[in-house]
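*Asks:* no letters, just coordinates:
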């Protein structure tokens, strides 16, 4: 495949005439186009501008572009991760049956064109990962497969080089990072507010206890009632990360066993906690975010001063401010008194000051802080 491709050969210009060529493309045409593939795999400012302008001129091509983009991304992943090849006919039937919604189906002869562009093993791996993986959708009473014939889907994508904010039908807000894509049923029709995410996004969710908010990102599912959190689920990344800013969320993986609710095997995340899902190991680990934020109004922090105060009193105040569990032996630390004023320091800087003063240590375990110290003389 050639490098540094440009449809017009003119740097710094948007070739309108060449855009007309793409106006009639189907999904498979995009997949086999060198300039399109180069943009998906190695985007730059110029190619981002070209495709952004193209979609503004031809919005009816959005579904084809997004569908082809996902396939090209997964083809790149499949080339690095071997997946057993499958029978061509079975694979093609899988494509036809699983591409929903499909405003413009991939033509059957595209299979032979794709096979000429890449090996059968890669195509088999691609289809297996994108359409036949058992982890694509969790089976629970509140998360169900919906038929494209009954519902209308909406897609939001950020092709800019800067974050972009959108307002969802329920007045929730989402900030999509460059390259991020979300897809959901228009107006959130149905028993839940459910969307799928590819890339990275921050969600500020409007509370609605009767209609949970659910984000699906590859194998990981995040369920909330009303909170703010971020999800990082880039196709090329080996891990998926969910970080909670406020409120609580449940994070769980899709379950192969339909008889069991996958949420029961998940984790509950509280403010300033995060979970990292390692795809290769199908394993979740919980920890604290890099820089925990206070969960109370800033004015309260201004009075975070103590005079001859027992360390347990200071630690309890910190637990309320950051809403993070801090475990320690109250009896051991009861005799430790401190004069301290902590305002602009981060949580971990505050802990460093306190532990150094009483000759103690701390560590983060499963999203909680454990302090180990001795009695003060």
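*Replies:* Sure thing, it's come through. The structure displayed is predicted, hence computed values, not measured ones.

*Asks:* do a quick rundown of the helices in the stretch 251-377 of the chain.
*Replies:* According to DSSP state H, counting those that start in this stretch, the stretch 251-377 of the chain carries its helices in the segments 298-301, 311-322, 330-333, 347-358.

*Asks:* from the contact counts, what lies against the third one?
*Replies:* With contacts defined as 3 or more CB pairs under 8 Å, 6 or more residues apart in numbering; DSSP states H and E, the secondary structure elements packing on helix 330-333 are helix 311-322. The way it works is simple: take the backbone N, C-alpha and C, and place the C-beta from them, glycine included.

*Asks:* how far does the helix it packs on sit from the chain's center?
*Replies:* 32 Å (CA atoms, centre = their mean, to the nearest Å).

*Asks:* for residue 280, which of the helices of the stretch 251-377 of the chain is the nearest?
*Replies:* Closest approach to residue 280 among those is made by helix 347-358 (29.7 Å; CB to CB).

*Asks:* elements contacting that closest one?
*Replies:* helix 311-322, strand 337-341, strand 361-365, strand 368-372.

*Asks:* how deep is residue 192 tucked in, by neighbour count?
*Replies:* Each residue near residue 192 was counted by other CB atoms under 10 Å, and the total is 19.

*Asks:* just the pLDDT at it, thanks.
*Replies:* pLDDT for residue 192: 90.

*Asks:* same check, this time on the one 10 residues further on
*Replies:* Per-residue pLDDT puts residue 202 at 95.

*Asks:* work out for me the element it sits within.
*Replies:* With elements taken from DSSP states H and E, the one containing residue 202 is strand 193-204.

*Asks:* strand partners of that strand, parallel vs antiparallel please.
*Replies:* As defined by DSSP bridges, the strand partners of strand 193-204 come to strand 173-176 (antiparallel), strand 181-185 (antiparallel), strand 213-217 (parallel), strand 228-233 (antiparallel).

*Asks:* rewinding a little: worst mean pLDDT among the helices and strands packed on helix 347-358?
*Replies:* By mean pLDDT, the lowest-scoring of the helices and strands packed on helix 347-358 turns out to be strand 337-341, with a mean of 84.

*Asks:* partners of that one, with directions?
*Replies:* Counting by DSSP bridges, strand 337-341 is paired with strand 305-310 (antiparallel).

*Asks:* coming back round to it: distance from the strand holding residue 202 to the middle of the chain?
*Replies:* Chain-centre distance of strand 193-204: 6 Å, with CA atoms, centre = their mean.

*Asks:* how about low-confidence regions in this structure?
*Replies:* 1-16, 74-150, 255-260, 297-304 (pLDDT under 70).

*Asks:* 50 - rerun?
*Replies:* 1-4, 8-12, 78, 80-113, 115-149 (pLDDT under 50).

*Asks:* what's the closest non-adjacent residue to residue 23?
*Replies:* In this structure, residue 23 finds its nearest non-sequential neighbour in residue 58, 5.0 Å apart by CB to CB, 6 or more residues apart in numbering.

*Asks:* let me fix that: residue 314
*Replies:* Computed as CB to CB, 6+ apart, the closest residue to residue 314 that is not its neighbour in sequence is residue 306, at 5.6 Å.

*Asks:* hang on, the one you found packs against residue 340?
*Replies:* Yes - judged on CB atoms under 8 Å, residue 306 makes contact with residue 340 at a distance of 5.4 Å.
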